[in-house]
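Q: return a 3D structure for these sequence lines:
(chains A and B)
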Number of protein chains: 2
Amino acid sequence: MRQYEVFELILKGAEPDGSWIHVDVDAEFRLNGTVTRVRGFYMGGGEYGIRFYPDTPGKCSYIVKGAVWAEGEEEVLPAFADSHGRVQTRGTHFAFEDKTPYLPFGTTVYAMLHQDQELMEQTFRTLEESPFNKLRLCVFPIDFLYNKNEPEDYPFEGSAGRWNVQHPCMSFWSRLEETVRRLARMQIQTDLILFHPYDHGRWGFDEMTEEQNQSYLEYLLRRLSAFPSLWWSMANEYDVCRKKVEEWYQVEAFMAQGDPFHHLLSCHNCYKFWDMERRCITHASLQTKLIYCVGELKRRTGKPVIVDECCYEGNVPETWGCISGQELTRRFWRAAVSGAYCTHGEAFLDPQNIMWWTRGGILKGESVPRIAFLKKLMEELPGPLEPIPCYVERLKKLAGASPEEQAKAAEADPGMRMVRSFAGLGDEMELYASREAEWKGRCGDEAFLVFYDMRCYGEDVLELPENRTYTLELIDVWNMTRIRLADGATGSVRLRLPGKENMAVLALACTPST
Amino acid sequence: MRQYEVFELILKGAEPDGSWIHVDVDAEFRLNGTVTRVRGFYMGGGEYGIRFYPDTPGKCSYIVKGAVWAEGEEEVLPAFADSHGRVQTRGTHFAFEDKTPYLPFGTTVYAMLHQDQELMEQTFRTLEESPFNKLRLCVFPIDFLYNKNEPEDYPFEGSAGRWNVQHPCMSFWSRLEETVRRLARMQIQTDLILFHPYDHGRWGFDEMTEEQNQSYLEYLLRRLSAFPSLWWSMANEYDVCRKKVEEWYQVEAFMAQGDPFHHLLSCHNCYKFWDMERRCITHASLQTKLIYCVGELKRRTGKPVIVDECCYEGNVPETWGCISGQELTRRFWRAAVSGAYCTHGEAFLDPQNIMWWTRGGILKGESVPRIAFLKKLMEELPGPLEPIPCYVERLKKLAGASPEEQAKAAEADPGMRMVRSFAGLGDEMELYASREAEWKGRCGDEAFLVFYDMRCYGEDVLELPENRTYTLELIDVWNMTRIRLADGATGSVRLRLPGKENMAVLALACTPST
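A: Reported below is the predicted structural model:
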C-alpha cells in the first residue's frame, strides 16, 4: 500500500445471481485507528474488486466479507514525491491533501469516453502538451449538435430504451477507469459528469427511474471512489435536465453519503446557478458569461468558484461556442484576478464534426498558450488571489445600508457620495454593476494584480501599502509579454500604461513586511 | 419670411426697469389661420427681439404688444431645397418636418461654449469634416476631471455665488445662438443640455432656486425656441444632480408648455433611465453600456431611443472614457441594428487636457471613420430598422406567459422548450439576457441586417421571405469592407462567414414583393 495511491484487491467468487451492482461485498480498512468501510464491486468473470484509498502512511489492516472473503495487514508507505493526494477545498481555493496548491485550469471534452480509440489517443496526446490540469467529461454518451456518433459501448448492457442497469458493461467501465488513471498520470483531475440533458430520446439515459439512477451511482461509487483524481459533477446543465430539484437533492445526498473518500462535489447549471451554500456542495461549478459575480459569490459562501463554462472559443453559429481566443483569454483573467477559476472549451467547425469541446482531437484556437501564460504567472504568485471589491461593488454594498451609514461612508470616501443616486437603480442595480466591474486581486500584501480587460487606460494610480516596496510589471495578456515598470514602488504609484486592451499590472512585494 | 427659417424682429424700446428676462413683450403670429403666441426677449442696448418659426408657406400676419409695438404681414416663401425644418419623431425614429429621414449620429462636446475662440474654431473645423449630425453641449460651464478652465463669460451677469439671474450676459447668449446657427449650417442638430451636476460648488449654477431656474429657462425659451435645429436635454445625468425628481418634473413641464415650437425633449441619466413613458418626453436619451435593452424599450414605449452615452473612446483611467475604437464601433452597430441610435464621445489624455468629449479640438480616435461607414450604410437602407426579437428575448417574453401558452409555444418552436428552465432564473433573467443578446434588424421585408458583434460565426443560416430575392453582403464593420456574397438569395440561406469578430450581413431585396 502506498499513501495517495489506489489499493486494489481482486477476489475470485461466484457470478452474482441477480444484480451485478448490489453485490454483497463489504470491507473494513483500519488505518492508524481510523476505520473506513467500503463496498466491493463486481468486475465480471467471477471477479470482485475492493478498492481503498490510503490517505496517510502507517499500519493498515483490512477484512472483506460477503460474496468473497479476505483479510490482511500492510504497511502504507509514504507517498511518491510527485503524488499529492486528492484535491480539496482550502477556503475559497483548492489544494492537494499534502498542501501543495492546486490551481484548476480545466478544459472540456464531454464525450471523450464515447469516441473511437484513435480519436481518444489523439486527445490524450493533445492534453499531454496542454496546460490543462482538469478535464470535464460525461459518463453518458451525447446526442447534440455536431455530436451524433454512436459509441462502441454504454455504461450498461442492453440497448436504447431496454437497458439492463443491474448489469454494467465492463468494457465501458474499464475504459472509464483507465481514462481516469491515465489523466491522473498527466496530472489532470477528472471532473466526472454524472448526468446530462443531451440524450434527446436516443438512448434514454436521462429518463431512468430513481431506482435505476441509484443503482448506476452505486456501481460508480463502489468502483471509482478510491481514485484520488476524481471530482463529482452531479450534472451538466442540471436545470435543463428532466429531473426535478428534489431528485437532484437525492443525487446530491446519495453521492455525499455514499462516497467513503469525500471527493469534491458540485452541480453545473445552464441558466440558474445551483445553490452552492448547500452543505454537501464543495465548490461552485458555474456556467456564466458574466464573470463579475464570482468575487461576491466567494465572499458570500466561503467556497471556491470555478466558471466551468463561459462560452467556448470557436466559430460555431451558436451563442455558446463562438468567442475569439482573445475574449476567452480575458474571461480567464477576469476569473483569476477575482480569485476564481475558469475552464476552457473549443468549438471550431470541422468537416468531420470533431470539435474539442465534446469529442476531443486537436486544439485549433488561440487561447491555449495565453492560458498557459496565465497559469505560469498564477503559479509564481506567493499565494492565491482574493478579489478587491471594485467601486461599483462598494456602492452596491453601501446601497443596502442605512442613510446614516451611507452619509458616514460618503464622508470617509468621496467616491461613495453617489450612493443615493445609485440606490435609485433598485432592481436594475445588478444589471448596471455587471458592466462596471473592475478586476483587482491581491495575495494579502504580497502581491496585487490588476486586469484592465478591454479598458484602454493610458495611466492609472495603484494604491500600495506604504510599509513595503514592490516590483511592478506591465503584462500584455494577449501578446504574453511582461515588462518591468518599476522597482521599489510603494504607496500611491502613478503608472503610465499603453492605452490598449488586454493589459494587466502585477505588483510583487520585494521586501518583507516592516 | 421663409419656411423653416427663423424670422426675427428687432425693435427699439426702453431698457427694462427690473428683470431683463420677464419683459412685457407679447407677439401673435397668424399663419394660414394658425395663431402662435411668442414672447419677446431683451437683447441689451434697448433692443427687443421677437422670433418666430414659420413651418409652412403662406400668408403670415403678426402683432407685437407691450414694451415695444409692431404689426405686419408677410408672405412665407417655400423652404430652400436644403432646409428641412425641425427634427420630429416618427414612430420610433426621427424625420425632418418635410419627411426627410433624420438618422441621429451625434457626438459630444459638453463644454464647447466655454472654450476660447481658437479652440471653438478648431472644433467647428473638426465637426465640418466629421460624419456627425447632432451635438450635445451644455449651457452651464463644467468643473470636472480634466476640465478646469474658467470660461470668458457666463449665462448671467455677476460672479460665482452672486449671479444676477435676471440679467442675462448678452455675449454668452450671442455665442450660444451663433453656435446653434453655425452648427445648423453644417446640418448638425444642437442637443442643448439645460442642467448638469458638474459644478462642484465652483459657480453654483446647480444650486439656483426654483425661481432662478425658471427665469433662466424663460429667457432661453424666449430667445432660442424659434431655432429649428435645437433639442432640449433637461439634464446630463439628472440623477446625480441636486434636484429632486419633483423639481425635474417642473423643468419638464416648463419646457414643454413654454416652448411654442415643440422641440424634442428628453432627459439623460447617469444610473437610472428617465421615465420615457412620460407624455412630454419625445425620445429616450440614455446612458448605458448595455445596448441590449433598447429594442424592448422601443417596443414598450413606441418612442425613439438614442444611447447618448455608452462610454467614450479613449484612454482616461475612468470606466466611462476608456473603450477602444473597435468597441465603440460595435456599440454603434448594436444600437443601429436594434433600431436605435448611438452617440460618439472621445476622451484621450492630453498634455493640455483638451479632450473632445468636453472641450472639443481635434478627434484622435479610430471609431469616427467606422461611424461614417455605418451612417452611409444606414442612409442607403430602404427605411428605418426595427429590431427582430432575438432568442433570449422571445424566451423572456414567454417566461411570463401561462403554462398552457408556454406549452403551445414550445410545440410550435422547439427553441422555446427551454422556457421552464429559463423562467427558473427569476430575478436573474435580465442579467442573463444581457449577455445573450443577438442583433438583428429589418426594414419590413425590404432589408435584413444581422450584426454578429464579437461572435465569430463561421457560418449561419438566414431566414428570408420566400416571395422575394435578396442580395447578400458581408460587412466587416471595422475594416469597412462590403463583399457581395450572393444574388437572388431567398428563403432559408446558409452563409459561409469568416469566423471573425465585427462582421455583419445585409440582405437587400432586389425584386418587388410578389
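
Q: all strands for the stretch 51-200 of chain A, in order.
A: Assigned by DSSP state E, counting those that start in this stretch, the strands in the stretch 51-200 of chain A fall at A:58-66, A:70-76, A:87-90, A:93-96, A:106-108, A:134-138, A:156-159, A:162-168, A:189-195.

Q: ok, which of those strands comes nearest residue B:435?
A: strand A:106-108 (19.0 Å; Cβ to Cβ). (Glycine included, C-beta is placed from N, CA and C.)

Q: could the strands of the stretch 51-200 of chain A go into CSV alongside distance to residue A:477 and mean pLDDT?
A: Shown next, in CSV, are those (distance: least, Cβ to Cβ, whole Å; pLDDT from 0 to 100):
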stretch, distance to residue A:477, mean pLDDT
strand A:58-66, 46, 98
strand A:70-76, 44, 97
strand A:87-90, 26, 98
strand A:93-96, 21, 98
strand A:106-108, 18, 98
strand A:134-138, 21, 98
strand A:156-159, 46, 96
strand A:162-168, 46, 96
strand A:189-195, 25, 98
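
Q: will you turn the ones you listed into JSON lines that also has distance to residue B:165 and mean neighbour count?
A: What follows is the strands of the stretch 51-200 of chain A, written out as JSON lines (distance: least, Cβ to Cβ, whole Å; neighbours: other Cβ atoms under 10 Å in any protein chain shown):
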{"stretch": "strand A:58-66", "distance to residue B:165": "88", "mean neighbour count": "16"}
{"stretch": "strand A:70-76", "distance to residue B:165": "89", "mean neighbour count": "14"}
{"stretch": "strand A:87-90", "distance to residue B:165": "65", "mean neighbour count": "17"}
{"stretch": "strand A:93-96", "distance to residue B:165": "61", "mean neighbour count": "20"}
{"stretch": "strand A:106-108", "distance to residue B:165": "65", "mean neighbour count": "25"}
{"stretch": "strand A:134-138", "distance to residue B:165": "68", "mean neighbour count": "26"}
{"stretch": "strand A:156-159", "distance to residue B:165": "85", "mean neighbour count": "17"}
{"stretch": "strand A:162-168", "distance to residue B:165": "85", "mean neighbour count": "18"}
{"stretch": "strand A:189-195", "distance to residue B:165": "69", "mean neighbour count": "25"}
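
Q: JSON lines for those, including distance to residue A:253?
A: Below are the strands of the stretch 51-200 of chain A laid out as JSON lines (distance: least, Cβ to Cβ, whole Å):
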{"stretch": "strand A:58-66", "distance to residue A:253": "25"}
{"stretch": "strand A:70-76", "distance to residue A:253": "31"}
{"stretch": "strand A:87-90", "distance to residue A:253": "19"}
{"stretch": "strand A:93-96", "distance to residue A:253": "23"}
{"stretch": "strand A:106-108", "distance to residue A:253": "26"}
{"stretch": "strand A:134-138", "distance to residue A:253": "21"}
{"stretch": "strand A:156-159", "distance to residue A:253": "23"}
{"stretch": "strand A:162-168", "distance to residue A:253": "20"}
{"stretch": "strand A:189-195", "distance to residue A:253": "13"}
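
Q: list just the one of those that sits closest to residue A:462.
A: Nearest to residue A:462 among the strands of the stretch 51-200 of chain A is strand A:93-96 (23.8 Å), distances taken as Cβ to Cβ.

Q: among the strands of the stretch 51-200 of chain A, which is nearest chain B?
A: Proximity to chain B (Cβ to the nearest Cβ) singles out strand A:189-195 among these, at 14.5 Å.

Q: contacts for the closest one next, please.
A: A:87, A:102, A:104, A:106, A:110, A:133-140, A:179-180, A:183-184, A:205-206, A:213, A:217, A:220, A:224, A:227, A:229-236, A:238, A:241, A:243, A:251, A:255, A:268, A:285, A:308 (Cβ atoms under 8 Å, 6 or more residues apart in numbering or on different chains).

Q: tell me the contacts of the spatially most central residue of chain A?
A: The residue lying closest to the centre of chain A (Cα atoms, centre = their mean) is residue A:306, at 5.3 Å. Taking Cβ under 8 Å, 6+ apart, we find residue A:306 in contact with A:104, A:106, A:266, A:283, A:284, A:285, A:286, A:340, A:341, A:342, A:343.

Q: check the burial of the first one by counting its neighbours.
A: Burial of residue A:104, expressed as a neighbour count using other Cβ atoms under 10 Å in any protein chain shown, amounts to 23.

Q: isn't it up against residue A:95?
A: No: judged on Cβ atoms under 8 Å, residue A:104 makes no contact with residue A:95 at a distance of 11.2 Å.

Q: my read is residue A:300 is in a strand, agree?
A: No: counting by DSSP: H, G, I helix; E, B strand; the rest coil, residue A:300 is not found in a strand; it is helix.

Q: how far away is it from residue B:440?
A: 37 Å (Cβ to Cβ, to the nearest Å).

Q: between the two, who's got more neighbours?
A: Comparing residue A:300 with residue B:440 by other Cβ under 10 Å, the one with more neighbours is residue B:440, at 19 against 10.

Q: which non-adjacent residue is nearest residue A:247?
A: Spatially, and ignoring its direct neighbours in sequence, residue A:247 is nearest to residue A:210 (6.8 Å; Cβ to Cβ, 6 or more residues apart in numbering or on different chains).

Q: can you count the residues close to that neighbour?
A: Neighbours around residue A:210, by other Cβ under 10 Å: 12.

Q: so where does whichever residue of the stretch 151-300 of chain A sits closest to chain B fall, helix or strand?
A: The nearest approach of the stretch 151-300 of chain A to chain B comes at residue A:289, 4.3 Å away (Cβ to the nearest Cβ). For residue A:289, there is no enclosing helix or strand under DSSP states H and E.

Q: average pLDDT for stretch A:38-47?
A: In this model, stretch A:38-47 has an average pLDDT of 97.

Q: how about stretch A:181-188?
A: Mean predicted lDDT for stretch A:181-188 stands at 98.

Q: and that stretch, what's buried?
A: A:183, A:184, A:188 (16 or more other Cβ atoms under 10 Å in any protein chain shown).

Q: quick revisit: please name the residues that touch the residue of the stretch 151-300 of chain A closest to chain B.
A: Residue A:289 is in contact with A:310, A:311, A:331, B:435, B:436, counting by Cβ under 8 Å, 6+ apart.

Q: quick check: closest non-adjacent residue to it.
A: Spatial nearest neighbour of residue A:289, excluding adjacent residues (Cβ to Cβ, 6+ apart): residue B:435 at 4.3 Å.

Q: same thing with residue A:123?
A: Nearest non-adjacent residue to residue A:123 (Cβ to Cβ, 6+ apart): residue A:360, at 3.1 Å.

Q: relative to residue A:289, how far out is that neighbour?
A: Separation of residue A:360 from residue A:289 (Cβ to Cβ) stands at 24 Å.

Q: which residues of the stretch 251-400 of chain A score low on pLDDT?
A: Under the criterion pLDDT under 70, no range of the stretch 251-400 of chain A is flagged.

Q: quick check on the residue of it found nearest chain B: phi, psi?
A: Chain B sits closest to residue A:315 of the stretch 251-400 of chain A, with a gap of 3.3 Å, by Cβ to the nearest Cβ. The phi/psi pair for residue A:315 (degrees, to the nearest 10) reads phi -140, psi 20.

Q: rewinding a little: hmm, residue A:290 and the residue nearest to residue A:289 touching each other?
A: Yes: judged on Cβ under 8 Å, residue B:435 makes contact with residue A:290 at a distance of 5.8 Å.
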